[in-house]
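*Asks:* Predicted structure and sequence below. I'll ask about it afterward.
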Amino acid sequence: MSMLERINDLGHTIWLNGELKKSQSTEQRDIIDPATENVISNLAETAETEVNDAVAAASVAQNLWWKKSALERAETMHDIANDLLSMKEQLAETLTREMGKPYKESADEVDWSVSAIRYYAEIGRNDMGRVIGPAVEGHLNYTYKLPHGVVASIQPFNYPMTLLSWEGAAALAAGNAVIAKPSEYTTLTTLLYAGPFNKHLPAGLFQVVTGGGNVGRQLVEHPNVNMVAFTGSVPTGKMIARTCGERMKPSLIETSGNDPFLVMPSAPLDVSARGAAFSAFMNCGQICVSAERFYVHEEIHDTFVEKLTEHAKKIRVGNGLTKVEMGPMVAEKERARFEGIVARAREQGATVAHGGGRPSEFNRGWFVEPTILTDCTPDMDIFHNESFGPVAPICKVKDFDEALSHANNSKYGLGACLYTMDMKESARAAEELDGGMVWINAPLLDNDAGPFGGTKMSGMGRQLGSEGLETFRKTKFMWVDPFCGTQDFWWFPYADNESYPG
Ligand code: NAD
């Protein structure tokens, strides 16, 4: 069977109780390759009864999984990671055909997923609580880290394997069952990716229900879904946080960014311009931590723009299965949204220094040019809303203080990057630059062992690192008296000499 036939074959399937099966639902939507606009398959709007069946199966599986030893859970997770690695080419091709990113970036996602799964396999067995100095002699005080139970993991389209690994692996390592709801744009990749999980784990421990927001909503509202991990846009994140709040259901909310990128004169300009091009245009700018607002010192502004433009010109745009650095945007409506943002910036006075339109060589596919905007002012809309596309709007600043002040003037607080060789500026950035992640001369890098997440409207909670494992565990405080003694120091009867003296 060719890869295209295999991809097509995944259409209308869901992972339910250990089996990849066609959904009973009659509702479905087309899956379109964004580079060719060809319909490559379809996805089912999972039926409500199937969502209920998935939750019931997950509860049963979670009990079995939690009864296993932590070492056995770790070994199983390593087996899954090995199998995923052996499927790298299939997974990468599926993702590129479905979502558009260059094949190399799709293949990298498999590596990043595997490394996160291995990390959580290991730290999941590291400790399950801590022993606390007893408050009463001879007693045992400790915490016991328990899984939440059934976790719904609702995903966006831009990093379907990596983000599901960050959440799913941490959730599994903590002893939970996972029901994934992928984005409508990356369903096939997620269904393929779930294969090794279903091969190695108890039936029902890792399921995938497909469809749009309505299927996600059913999971969030379901009384037997004990926790929700969401990554996506602010409006959806707010809705989910509200629903979870009403039910006191724990939630991890990872939402949008509008990340600042500051360039100071002490930084090597070639490196900062190259880093800027990568940060703004990787994955066609569809990264939550893409560089979206540039504040560049006036001394170097013109040379920086020149150098950034040189790098942007070298970016090859085209089908992700060919030799390119940038694929199409994920969907026609995403391209229209992005083009609206660039048009508005121009209306507000921005000058197009590079790009600004669609590449002329394609008459199909949702391609756009990498775009650089100059003459920008910090009050423009583009400096206050996520663009989630390949655009680098540049604002000239007179010094570091001005850059810092504009950078922090945002409702978002996900990542931030500073290029500088001045140690004082680095130290101030650590202290004063808003954001869950601050990169100094090293944009976009993640470390499985370090936490990832936002502040302000960019979300609540953390994934990755030991913090990311904690997200998926609840803490029970334990108090044990192994000797079963009396506690006369505070039990009845009360001593008369301790009553109200009058
Ligand atoms: P989106 O909010 O449109 O969709 C995300 C997921 O939520 C999808 O699976 C969707 O079907 C589901 N959904 C929609 N309505 C729902 C509802 N009412 N209840 C439950 N689920 C619902 O986001 P998107 O366009 O797929 O992703 C892009 C966004 O994700 C960007 O804003 C980006 O910044 C953000 N993102 C954030 C991070 C992070 O870690 N902070 C990482 C990647 C992407």
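*Replies:* Received it, and whenever you're ready, just let me know what you need. Residues are numbered from 1 along each chain as shown.
*Asks:* Next one: the residue nearest to the spatial centre of the chain from the ligand, what distance?
*Replies:* Centroid-nearest residue in the chain: residue 163, 4.4 Å away (criterion: CA atoms, centre = their mean). Residue 163 sits 6 Å away from the ligand when distances are taken as CB to the nearest ligand atom, to the nearest Å. Heads up, the C-betas are built off the backbone N, CA and C, glycines and all.
*Asks:* Dihedrals phi and psi, that residue?
*Replies:* When read as degrees, to the nearest 10, the backbone of residue 163 gives phi -70, psi -40.
*Asks:* these two touch, right, it and residue 157?
*Replies:* No - contact criterion CB atoms under 8 Å: residue 163 and residue 157 do not qualify, at 9.8 Å.
*Asks:* how close does the residue nearest to residue 254 when sequence neighbours are not counted sit to the ligand?
*Replies:* Once flanking residues are discounted, residue 254 sits nearest to residue 231: 4.2 Å by CB to CB, 6 or more residues apart in numbering. Using CB to the nearest ligand atom, we find residue 231 at a distance of 5 Å from the ligand.
*Asks:* contacting residues around residue 231?
*Replies:* When contacts are counted by CB atoms under 8 Å, 6 or more residues apart in numbering, residue 231 is found next to 154-156, 163, 167, 254-255, 288.
*Asks:* Restricted to helices, list those.
*Replies:* Under the assignment DSSP state H, the contacts of residue 231 contribute 163, 167 to helices.
*Asks:* In TSV: the contacts of residue 231, plus pLDDT.
*Replies:* Listed next are the contacts of residue 231 as TSV, based on pLDDT from 0 to 100:
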residue	pLDDT
154	98
155	98
156	98
163	98
167	98
254	98
255	98
288	98
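*Asks:* Filter the contacts of residue 231 down to the buried ones.
*Replies:* For the contacts of residue 231, a burial check counting by 16 or more other CB atoms under 10 Å picks out 154-156, 163, 167, 254-255, 288.
*Asks:* tell me the phi and psi of residue 200?
*Replies:* The phi/psi pair for residue 200 (degrees, to the nearest 10) is phi -100, psi -20.
*Asks:* coming back round to it: residue 102 versus the residue nearest to residue 254, what's the distance?
*Replies:* The spacing between residue 231 and residue 102, counted by CB to CB, to the nearest Å, is 22 Å.
*Asks:* picking that back up, in TSV: the contacts of residue 231, plus distance to residue 120.
*Replies:* Compiled in TSV, these are given as follows (distance: CB to CB, whole Å):
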residue	distance to residue 120
154	19
155	17
156	20
163	14
167	10
254	17
255	23
288	21
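*Asks:* just the strands in the stretch 201-350 of the chain please.
*Replies:* Counting by DSSP state E, counting those that start in this stretch, the stretch 201-350 of the chain has strands at residues 206-208, 227-231, 251-254, 259-263, 291-297.
*Asks:* What residues of stretch 327-342 count as buried?
*Replies:* Per 16+ other CB under 10 Å, stretch 327-342 contains these buried residues: 327-331, 334-335, 338-339, 341-342.
*Asks:* check contacts around the closest residue in space to residue 224 that isn't next to it in sequence.
*Replies:* Spatial nearest neighbour of residue 224, excluding adjacent residues (CB to CB, 6+ apart): residue 55 at 4.9 Å. Applying CB under 8 Å, 6+ apart, one finds that residue 55 lies in contact with 150, 179, 219, 222, 224-225.
*Asks:* Then residue 55 would be within a strand, right?
*Replies:* No - going by DSSP: H, G, I helix; E, B strand; the rest coil, the assignment for residue 55 is helix, not a strand.
*Asks:* ok, it to the ligand distance?
*Replies:* 15 Å.
*Asks:* what's the neighbour count on residue 323?
*Replies:* 10 (other CB atoms under 10 Å).
*Asks:* Report whether the expected contact of it with residue 317 is present.
*Replies:* No - applying CB under 8 Å as the test, residue 323 and residue 317 come out as separate, 11.3 Å apart.
*Asks:* which phi and psi does residue 354 have?
*Replies:* phi -160, psi 150.
*Asks:* Ignoring the adjacent residues along the chain, who's closest to residue 152?
*Replies:* residue 219 is the one closest to residue 152 (CB to CB, 6+ apart), at 3.9 Å.
*Asks:* go on, residue 270?
*Replies:* Nearest non-adjacent residue to residue 270, counting by CB to CB, 6+ apart: residue 307, 6.4 Å away.
*Asks:* about what we covered before: show me which pair in the buried residues of stretch 327-342 is furthest apart.
*Replies:* Spatial extent of the buried residues of stretch 327-342 (CB to CB) is set by the pair 327 and 341 at 19.1 Å.
*Asks:* Kindly report the residues of the chain close to the ligand.
*Replies:* Proximity of the chain to the ligand (CB under 6 Å from any ligand atom) is limited to residues 154-159, 163, 181, 183-184, 212-213, 216-217, 220, 231-233, 236, 239-240, 254-257, 288, 386, 388, 414, 454, 458-459.
*Asks:* among the residues you listed, which ones are buried?
*Replies:* Taking 16+ other CB under 10 Å as the criterion, what is buried in the residues of the chain next to the ligand is 154-159, 163, 181, 183-184, 216-217, 220, 231-232, 236, 239-240, 254-257, 288, 386, 388, 414, 454, 458-459.
*Asks:* how would you label residue 141: helix, strand or coil?
*Replies:* With three-state DSSP as the criterion, residue 141 reads strand.
*Asks:* Show me how the protein divides into domains.
*Replies:* Domain ranges of the chain: 3-255+458-477, 259-440, per automatic domain parsing.
*Asks:* for residue 295, what are its contacts?
*Replies:* With CB under 8 Å, 6+ apart, residue 295 has these contacts: 260-263, 378, 395, 397, 402-403, 406-407.
*Asks:* can I get these in CSV with neighbour count, pLDDT and distance to residue 282?
*Replies:* Converted to CSV, the contacts of residue 295 look like this (neighbours: other CB atoms under 10 Å; pLDDT from 0 to 100; distance: CB to CB, whole Å):
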residue, neighbour count, pLDDT, distance to residue 282
260, 27, 98, 17
261, 27, 98, 13
262, 28, 98, 19
263, 26, 98, 18
378, 18, 97, 24
395, 24, 98, 21
397, 23, 98, 24
402, 17, 98, 27
403, 28, 98, 22
406, 19, 98, 23
407, 25, 98, 20
